[in-house]
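Undergrad: Sequence first, then the predicted structure:
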Amino acid sequence: MNFLAYSERLDYLLEMIEKGRISSPEQIAQKFNCCDKTARNMVNRLRGKGYNIKYDKVSEKYFIKND
């Protein structure tokens with residue numbers, strides 16, 4: 001996968017997290033046809049870009065925490 005395609009996937013993942021349509025690394029892996037570890041790495045990459053992404057264990061969803 002080239003950089004542009006990966007960047008587009010990250011943008012789409014961010015949009016899905018913002019809209020509350022993604023819940024777990026397993027769901028991300030299924031959506032993007034990758035393994036759970038890659039899904040977690042994608043979320044960590046977004047965190048590295050400065051997005052405050054958290055995971056709520058009760059509702060089992062990723063969300064962006066606004067400070």
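TA: Received, thanks.
Undergrad: name the element the spatially most central residue of the chain belongs to?
TA: Centroid-nearest residue in the chain: residue 43, 4.1 Å away (criterion: Cα atoms, centre = their mean). Assessed by DSSP states H and E, residue 43 sits inside helix 36-48.
Undergrad: Following the chain past the biggest helix by length in the chain, name the next helix or strand.
TA: Counting residues, the longest helix found in the chain (DSSP state H) is helix 3-18. Beyond helix 3-18 on the C-terminal side, the first helix or strand identified by DSSP H and E is helix 25-32.
Undergrad: on that earlier part again, now the residue nearest to the centre of the chain. Nearest residue, chain neighbours left out?
TA: residue 53 (5.9 Å; Cβ to Cβ, 6 or more residues apart in numbering). In short, each C-beta sits where N, CA and C put it, glycine included.
Undergrad: ok, back up a step: and the angle from the longest helix of the chain to helix 25-32?
TA: Orientation check (axes from the mean of the first three to the mean of the last three Cα atoms, to 10 degrees): helix 3-18 against helix 25-32 gives 130 degrees.
Undergrad: For helix 3-18, name the packing helices and strands.
TA: helix 25-32, helix 36-48, strand 61-64 (3 or more Cβ pairs under 8 Å, 6 or more residues apart in numbering; DSSP states H and E).
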